[in-house]
Each structure stands twice: as C-alpha cells, then as structure tokens.
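1. With the sequence up front, the predicted model follows.
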Amino acid sequence: MANTDQKLVVSELDFTQIKNNLKNFLRGQQEFTDFDFEAAGINVLLDVLAYNTHYMAFYNNMIANEMFLDTSLLRDSVVSHAKMLGYTPVSTVAPRATIDLQITRPQNDTTTSLTLPKFTRLQSAPLNGVSYTFVNLETKTVDYDPTCNRFCFDDLYIYQGQPLTYTFVYNTTNNPTQSFELPDAGIDTSTLEVLTQESGSSFKTERYTLATDATTVSSNSSVYFIDETRNGKYKIYFGDGVIGKSLTNGNIVVANYLRTDGAAANKSNAFSLVDAVGGFTSSIVYPIKSASGGDGQESVTKIRFSAPKAYVSNNRGVTKEDLIALINKNYPYFEAVNVWGGEDNIPAVYGKVFIAAKPTLGFEITESEKLDVINNIIKPVSVVTVIPEFVDVDYNYLQVFAEVYYDATKTTTSADGIKSIVQTAITNFKNTELDNFNSRFKLSRLLRAIDDAESSISYSDAVTVIEKRLIPQVGAARNYTLDFGTPISREDPSYKIYSTPAFKQYDADGVLRKCFFEETPGSSSGVESITINSATGSYLTAPTISINGDGVGANAYPVIVNGKITQIVVDKPGVNYTTATTLLYYQDEIDTTASLSVNIQGRFGALRSYFFDNNNIKTTLNAEAGTIDYQLGKITLQEFDPVSIEDPLKIFRMVAKPLTNNFESARSRIITIDEEDTNAINISVKSLS
C-alpha cells in the first residue's frame, strides 16, 4: 500500500532538485523500499519525468513573462502590449538632409515660376562605396530669382529612400476588417500617404490622414489606422463607420511611401540632381546639413520604455514630460530633447516653455526645424496661453588628456593597439554617459572605463578641460559671455585659460596682427567685493570710492537709494592685490562716517590679448580684453571686434580647466566630446615593463 503521508515537494524548478524530489517521494513508498534509484532503467524514467516537469515549468514561466510588457521578450508580445496602450512602434526612419537647390534657366527662356514635383530624385556622393537616392516629399513652387539668374529652392528637406506605390481593391466579402498589409520591409511610416479612389471606373480620390486621437474622430472622419504586424511589417486599416469613415465595396486604396536604408545612409552629403525639373536639367546643389536621423525599427527595449510614457502623456502637451515624449515620438531627427518651464529658467520668464534639442548628427538645428516642431507637434496639443520657444544647446566640449600604463607581459597588443582600444572606450563613455541633457561627468567613471578597456591596463590618469565655442560677429565690437556651467581653475600652471585659433586685429600702429587671449598672470588677486561696515551719511549726490593697495586697476561705485548707500559694486577687480583699503569721498572730501572693508579672495581674473611682433616678442595688445569669474565659471570678452577668425568655419574657442572632476549639465547645456575634433582625445600609452 502506498504511503499517503509522504508528500511530493513541488516548489523546486531546478532540474536536479525536481529529480531528487521524485526520488525522495518514491523512497517513501512501501512498494519501492528495496529499489536502487541509481539503476539504469528507473533512472532514465526519473530523467524523463524530471525533464517533463522542468520543461512545463519553463514553458509556463515564459508564458507568464510574455503576459506583461515589463517582462516580455518576444517582439510580437511587446508590440501587442504596446498596442493596448495606444502606442505604435516607430518604423525604420529615413535619413534627412537639408540642401539649397538652384535650377538654371536657359538664356532665352522666359519661364517665371518653377514647380519641384514630389519625389524628385537626387543622388548622394558615394558613402562607404554606396550612393543613395534622396527625394523631396512635398511639391514646392518658387519664382525666378533675377539676382542669381536661377530658380532657388532654399532649405529643402530631402529624404533617403525609394518611392513606392501599392494599390489594393477593397472587397467586403474577402476583407471584412478593411486591413491591408504593406509588403515592404524598411518602410518609413512617417512618409506614408493614403488615398482612396472611388472605383475602377471613377477616378475621384480622397486623402486619408493618420488617426492619432480617437476622441476627435467622428463617423465621417477620413482617417486610417496603422499597426505593426507579426512579421515586423505594417498594415493599414480603416474605420467602422462609427470611429472613422468606412470604406465602400470596390474602393481602391492607394499607399505611397518610402522604403529606406535607414542608418546606413546617415552622413550622406554632396548631392546631384537626377530628374529634370520642368524640363530643366542644369542645376547646382548646395549641401546645408548632412543626412542624419536614419534608424532601424524601434527596438524591443525602446518600445518597452516608450509605450508607458506615451500612454501617460495621452497625446497632450501639458507637462514637460508630455512635450519630451511627443517630440521624441514624432520627430526622430533629435538625439536628445529637454524641456523646462519659464519659472525654472534663469532669469525666470513666465508664460513660456523652453525647448532645447541635440540633432542626431552634428551640433546645431536649423530655424526651419525649430518651426517645424513648434507648429506641427507642440502647438496643436499644448496649452494655448503657454508660448513654446526653442533655445540653442549650450555645449561644453571636453578635451581629454589621458595617460595609460599597461603591463606588456600580459598582452600581445602593441602600444598603438592599446591606444586604439582606449580611444574606443572613451568614445563609448561619451555615447553612454554624456551627450544628453541633465547628465553628469565624473572623472572616476571615465578612468574606470579606460581601465576596463583592456586586461593588461594597470592604471590610468586623465585631465579634462572644457572648450566653449562661438562665432563672433566680424566688424562689430560686442561683449560675449561664455558660461562653463561649473567653477573653473585659477591660474593653473599646466592648463591656463587660453583661446584658439588666432584672430586678427590691428595694433596701436595700425598693423594687422595674429592675436590670442590668455589668462593674465596675477589677475586673480583682484578686489572681489567691498563690505559696508557702516555708512550713516545722507547723500544728495553719488559719492566716489578710492581703492588703495599694492595692486592696480580696481574700481568700484556705490548704489544710492533714498540718500543711503545700499551696495557697493566692483566693476573692475584690478590685478596683483594682496592688501587694499578704501575711502569714501563725498563732495571731494573724505566721509569719516563711512567704514568699508575690501575683500580680496581671487574670485575674479582678467584676460589680455597679445601677439608676437616682427622679432617674435610677445606683446600685449589689450590688458583689459576680458574678465573671468572663476566661481561662476564665466568668461566675458569685452568689446571683442576681430577683423577675421583663422578658422574655415569662423569658430572661435576659449579653453579652461574645471575646478573639480565632477560637474553636471542643466537646462540647455550638454556635455560632449567632439569626435570630429582631432584634439579632443589625447592618449599617452606607457609600458610598465
């Protein structure tokens, strides 16, 4: 008789534990008292039972996982759960470039306007040995421009891909769901255009738009819906006569879209026109912005992250998170987006919301891109009384100086190979830790990434400096303030503040010189502030302040409110002060009722401009060319009026070392490393053996 008191343990899921539980259960039965459970026959049977139990446990566990968005692994499951949240995964994205296209009119032609048809083809210069086809997605008409003797299509968006058209005949019996699968992989659904033709004998057509908000769709709305299918392709379907207009038997559905190569065509530039435009074939194409933003279908990981965010925003633009989700969903040409309210701005600006965005390629976005996002994405769903405004990204470009020490006995990789590996590690660090808003740079993490790059690396050290860039207005004296967003080092002997490249200015004798900025030695020992200990006088006119000490150049003035001194402003800190005193003069006499104290703490410094004369002697051009606020991390160039900048792109740079190795970005600032800059990553590799 079986022992019913012996219980089978069912809480284990590991194969070995399942088998042991079965053995223990059988040993407790009187019928199997003398059995050798390690014998071949019964051992095989136990294996089969354990495998079957283990398989079912694994299968049920997988089914349970696939029931939830957070734990789903299969794309079909993730897409299905996202659909329940009203989220459609982003398709392959076509890279987009910006060009100026100019069509030349023959000498005797009198055409006054020219239309650029939709899907006009251009060819890119070879990229990695492949030339890509780009097309425009909108018809555009311009008038003849007599100033350049051409038809000028300025700021023209062109998208990489092959234009395709498919037609489907709707049959009520065969297709009751009114759904049509688009047969191509690599579709960019944002380029999809859906038309319906009344019948084969009637050419009357109607344009259908993508439904993005079911609450605004009526029974007469000409809308279509789109879903990703189980094979990774897409299907379009139509309304049921209640939510959206229903098709009529015999309607012909026409779908136009681009099939694109996605990320492979990013960085395409230098285009040539393939198709004739209005019969004209002579053209010039000026590249404005290289192709960028191309990407593959949205990954499972990203769908899992984005779907709940889109559900929470519910297609509205009220909170900053709503706007970020909307822009990320509808505008794939930005790598990073940040939004903040006017109340959080510095200075505060109420009634506005500020937006900053980093493009997927390069660092700047065009005015037309800003308007496109504001007018087509934000304004239709945002609060009417809140004005959206784009702010240019304020980049902190890092330069890295790394020293890497490795044990040559532990690797066959050469020093150059180690250098290449470390270079890749720093680039990967930049892609994962930086290049985003509200990010933080920590030198310790960078060093860890370097040390982990190769097993033979024993240790490493690194110094980082920050580069700020600007394009000065040539021929106009202006003040420029460069905000590093973190305190900067004061008179560091190895990494002093300097400018690059050279700029040209005239010296006192009218000779055009190649000039530079540098931190003025000793300038940080200036007057930082003046404290009012007492000032009981009543002043009808503003008194003056005299600063006396072992330095030079300091100047200050009092602020008078209702006859009383409320504040003393130091407008020039001066240089080389170790001690200083000050006196207050009122109506040309010393005011003995006032007691003031001078604070010398080195918060402020000075910039000077210099050049090398014909004898290669360093000569100061302007001793008061700018000021440095080390504490706030701000450098101001005063009345900067260059004749020219010695850079092909006219970019001027100021470089300073941050005071600490940990600093962060906020609002419109992004910390990055410019991979195109050969001076951005500097690596020295040394062997310990």
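-> Cool, the structure landed.
2. Now do the strands in the stretch 451-600 of the chain.
-> Under the criterion DSSP state E, counting those that start in this stretch, the stretch 451-600 of the chain contains strands at 457-470, 478-483, 498-500, 503-506, 512-519, 529-535, 544-549, 555-561, 564-572, 580-586, 589-590, 594-599.
3. To residue 624, which of these lies closest?
-> If you check each of those against residue 624 by C-beta to C-beta, strand 564-572 wins as the nearest, at 7.8 Å. Bear in mind the C-beta positions are built from the backbone N, C-alpha and C, glycine included.
4. Save the strands of the stretch 451-600 of the chain as a markdown table, and put in distance to residue 259 too.
-> A markdown table is the format used below for the strands of the stretch 451-600 of the chain (distance: least, C-beta to C-beta, whole Å):
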| stretch | distance to residue 259 |
| --- | --- |
| strand 457-470 | 39 |
| strand 478-483 | 45 |
| strand 498-500 | 46 |
| strand 503-506 | 49 |
| strand 512-519 | 52 |
| strand 529-535 | 66 |
| strand 544-549 | 73 |
| strand 555-561 | 68 |
| strand 564-572 | 63 |
| strand 580-586 | 74 |
| strand 589-590 | 85 |
| strand 594-599 | 68 |
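5. so where is the stretch 351-500 of the chain shaky, pLDDT-wise?
-> Filtered on pLDDT under 70, the stretch 351-500 of the chain yields the residue ranges 384.
6. residue ranges of the strands in the stretch 1-150 of the chain, please?
-> Using DSSP E, counting those that start in this stretch, the strands found in the stretch 1-150 of the chain span residues 96-104, 113-116, 121-124, 133-135, 140-145, 150-160.
7. Tabulate these (a markdown table), appending mean neighbour count, mean pLDDT and distance to residue 510.
-> As requested, the strands of the stretch 1-150 of the chain are exported to a markdown table (neighbours: other C-beta atoms under 10 Å; pLDDT from 0 to 100; distance: least, C-beta to C-beta, whole Å):
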| stretch | mean neighbour count | mean pLDDT | distance to residue 510 |
| --- | --- | --- | --- |
| strand 96-104 | 21 | 91 | 39 |
| strand 113-116 | 16 | 92 | 50 |
| strand 121-124 | 19 | 93 | 49 |
| strand 133-135 | 22 | 95 | 51 |
| strand 140-145 | 14 | 91 | 41 |
| strand 150-160 | 21 | 91 | 40 |
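8. pretty sure residue 513 is in contact with residue 610, am I right?
-> No: under the criterion of C-beta atoms under 8 Å, residue 513 is not in contact with residue 610, lying 9.1 Å apart.
9. what touches both of these two?
-> Taking C-beta atoms under 8 Å, 6 or more residues apart in numbering as the contact criterion, the common neighbours of residue 513 and residue 610 are residue 621.
10. can you pull the buried residues of stretch 510-526?
-> For stretch 510-526, burial by neighbour count (16 or more other C-beta atoms under 10 Å) applies to 513, 515, 516, 517, 518, 519, 520, 523, 524, 525, 526.
11. residues in contact with the nearest residue to residue 542 once chain neighbours are set aside?
-> Nearest-residue entry for residue 542: residue 560, 5.5 Å, with adjacent residues in sequence omitted and distances by C-beta to C-beta, 6 or more residues apart in numbering. Residue 560 makes contact with 539, 542, 543, 566 under the criterion C-beta under 8 Å, 6+ apart.
12. Filter those residues down to the buried ones.
-> Applying 16+ other C-beta under 10 Å to the contacts of residue 560 flags 539, 543 as buried.
13. How many residues are close by residue 613?
-> Counted by other C-beta atoms under 10 Å, the residues lying close to residue 613 total 11.
14. Which among the strands of the stretch 451-600 of the chain is found nearest to residue 619?
-> Using C-beta to C-beta as the criterion, the shortest distance between residue 619 and the strands of the stretch 451-600 of the chain is 8.4 Å, found for strand 512-519.
15. which helices and strands does that closest one pack with?
-> Counting contacts by 3 or more C-beta pairs under 8 Å, 6 or more residues apart in numbering; DSSP states H and E, the secondary-structure elements packed against strand 512-519 are strand 498-500, strand 503-506, strand 604-612, strand 618-629.
16. Pick the most buried one from those strands.
-> Using mean count of other C-beta atoms under 10 Å, the stretch among the helices and strands packed on strand 512-519 with the largest mean neighbour count is strand 604-612, at a mean of 21.
17. Just the mean pLDDT for that one, thanks.
-> Here the mean pLDDT over strand 604-612 is 89, rounded to a whole number.
18. how about the helices in this structure?
-> Per DSSP state H, the chain has helices spanning 15-27, 40-66, 75-84, 300-313, 320-330, 367-373, 415-433, 443-451. These are given in chain order.
19. Among those helices, which comes closest to residue 472?
-> Between residue 472 and those, the tightest spacing by C-beta to C-beta is seen for helix 367-373, at 20.2 Å.
20. what's that closest one packed up against?
-> strand 352-359.
21. strands paired with the strand it packs on, and their directions?
-> When sheet partners are counted by DSSP bridges, strand 352-359 sits next to strand 334-341 (antiparallel), strand 387-390 (parallel).
22. any idea which of the contacts of residue 560 is the one closest to residue 428?
-> Proximity of those to residue 428 was ranked by C-beta to C-beta; the top entry is residue 566 with 53.9 Å.
23. any idea how far residue 586 is from that closest one?
-> Residue 566 sits 16 Å away from residue 586 when distances are taken as C-beta to C-beta, to the nearest Å.
24. sorry, back to before: quick one, which of the strands of the stretch 451-600 of the chain is nearest to residue 125?
-> That would be strand 457-470 among those, by C-beta to C-beta, at 27.4 Å.
25. Contacts for that closest one, please.
-> Counting by C-beta under 8 Å, 6+ apart, strand 457-470 makes contact with 395-407, 418, 422, 441, 443, 446-447, 450-451, 480, 482-484, 486, 488, 494-495, 635, 651-658, 661, 688, all of which sit outside it.
26. For the buried residues of stretch 510-526, give me a markdown table that also has distance to residue 682 and pLDDT.
-> Supplementary listing: these in a markdown table, determined by distance: C-beta to C-beta, whole Å; pLDDT from 0 to 100:
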| residue | distance to residue 682 | pLDDT |
| --- | --- | --- |
| 513 | 29 | 91 |
| 515 | 25 | 94 |
| 516 | 20 | 94 |
| 517 | 22 | 93 |
| 518 | 20 | 92 |
| 519 | 21 | 89 |
| 520 | 26 | 86 |
| 523 | 28 | 70 |
| 524 | 27 | 70 |
| 525 | 31 | 73 |
| 526 | 33 | 78 |
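27. Might you report the residue contacts of residue 288?
-> With contact set as C-beta under 8 Å, 6+ apart, residue 288 has these partners: 97, 98, 99, 100, 155, 366.
28. Please report how far the residue nearest to residue 619 when sequence neighbours are not counted lies from residue 133.
-> If the residues on either side of it in the chain are set aside, residue 619 comes closest to residue 613, at 5.1 Å by C-beta to C-beta, 6+ apart. Separation of residue 613 from residue 133 (C-beta to C-beta): 57 Å.
29. Repeat that for residue 662.
-> Counting by C-beta to C-beta, the gap from residue 662 to residue 133 is 48 Å.
30. again with residue 351
-> 46 Å.
31. Residue 127 now?
-> Here residue 127 is placed at a distance of 12 Å from residue 133 (C-beta to C-beta).
32. about what we covered before: in TSV: the contacts of residue 288, plus distance to residue 283.
-> As requested, the contacts of residue 288 are exported to TSV (distance: C-beta to C-beta, whole Å):
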residue	distance to residue 283
97	16
98	16
99	11
100	11
155	16
366	22
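33. Residue 153 contacts residue 113, doesn't it?
-> No: using C-beta under 8 Å as the test, residue 153 is too far from residue 113 to be in contact (11.8 Å).
34. Touching both of the two, which residues are there?
-> Taking C-beta under 8 Å, 6+ apart as the contact criterion, the common neighbours of residue 153 and residue 113 are residue 142.
35. Just the buried residues of stretch 679-689, please?
-> Residues of stretch 679-689 classed as buried: 680, 681, 683, 685 (neighbour count, 16+ other C-beta under 10 Å).
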